[in-house]
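>>> What follows is a protein structure lacking sequence information:
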């Protein structure tokens, strides 16, 4: 699902700032997307026909669209605001927005159980995924632009598949190799273009 973020990012930068990509970059997005598709379908394109989508998928798609919007709008943040300060603003805003939702969930569904697993998960999401990963992504976006930076989503899908091979003992198959060639080639092509002014 996150593989859709580069295309959404390109669309948003065009709608909001009239940024355009060249033909090499467009082909790069398509090629890398095919690489991710090879991973998702495990090399069987017909597997797409058997996929089922639910409300959770729509929620994820909306979340990805908002993440792409955040990435696109970083260029409007004054350079005088350093990334660590920006992360504090994002984390505080996120906490304020999520607090009412957490209260409603606690009252009407069930409270989050306080265990080492839940506490560790929350700390991991808050520190590693949000503060560190989003912070680093924000630095990269400021340097090379949202369109190029969004290509990391394709690399993430590829690395996840390779980690499954290394850590979980999944067999390395032909579709892994095909995906590697397509994703790396597509990302390379996407870097062949100018970085928009902020």
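That came through, no problem. The model shown is predicted, which means the values in this text are computed figures rather than measured ones.
>>> The closest residue to residue 77 other than its chain neighbours: neighbour count?
Leaving aside its chain neighbours, residue 77 sits nearest to residue 86 (6.1 Å; criterion: CB to CB, 6 or more residues apart in numbering). Any C-beta I mention is one placed from the backbone N, CA and C, and that applies to glycine too. The tally of other residues near residue 86 (other CB atoms under 10 Å) stands at 18.
>>> ok, now which ones touch residue 86?
For residue 86, the contact set (CB atoms under 8 Å, 6 or more residues apart in numbering) comprises 77, 135, 138.
>>> Repeat that for residue 187.
28, 32, 151, 154, 155.
>>> Buried ones among the residues you listed?
Buried by 16 or more other CB atoms under 10 Å: 28, 32, 151, 154, 155, out of the contacts of residue 187.
>>> How about the secondary structure of the last one?
Meaning residue 155. helix (DSSP: H, G, I helix; E, B strand; the rest coil).
>>> Please identify the buried residues of the host helix or strand of the residue nearest to residue 77?
Using DSSP states H and E, residue 86 sits within helix 83-108. Within helix 83-108, the residues scored as buried using 16+ other CB under 10 Å are 83, 86, 87, 90, 91.
>>> now the third one: how far from residue 71?
Distance of residue 87 to residue 71, computed by CB to CB, to the nearest Å: 14 Å.
>>> again, but for the first one
As defined by CB to CB, residue 83 lies at a distance of 13 Å from residue 71.
>>> surely residue 35 meets residue 182?
Yes: applying CB atoms under 8 Å, one finds residue 35 in contact with residue 182, separated by 3.0 Å.
>>> With neighbour numbers in mind, choose between those two.
residue 35 (27 against 22).
>>> for that one, what are its contacts?
Here residue 35 is in contact with 154, 157, 158, 178, 179, 180, 181, 182, 183, 184, 185, 186 (CB under 8 Å, 6+ apart).
>>> Please give the element, helix or strand, for the residue lying closest to the third one once chain neighbours are set aside.
I take that to be residue 158. Leaving aside its sequence neighbours, residue 158 sits nearest to residue 183 (CB to CB, 6+ apart; 4.6 Å). Per DSSP H and E: residue 183 is located in helix 174-190.
>>> So for that helix, what gets flagged as buried?
Under 16+ other CB under 10 Å, the buried positions of helix 174-190 are 175, 176, 179, 180, 182, 183, 184, 185, 186, 187, 189, 190.
>>> Tell me, what's the model's pLDDT at the fifth one?
Among the per-residue scores, residue 182 shows a pLDDT of 92.
>>> need the strands for the chain, in chain order.
Taking DSSP state E as the criterion, the chain carries no strands.
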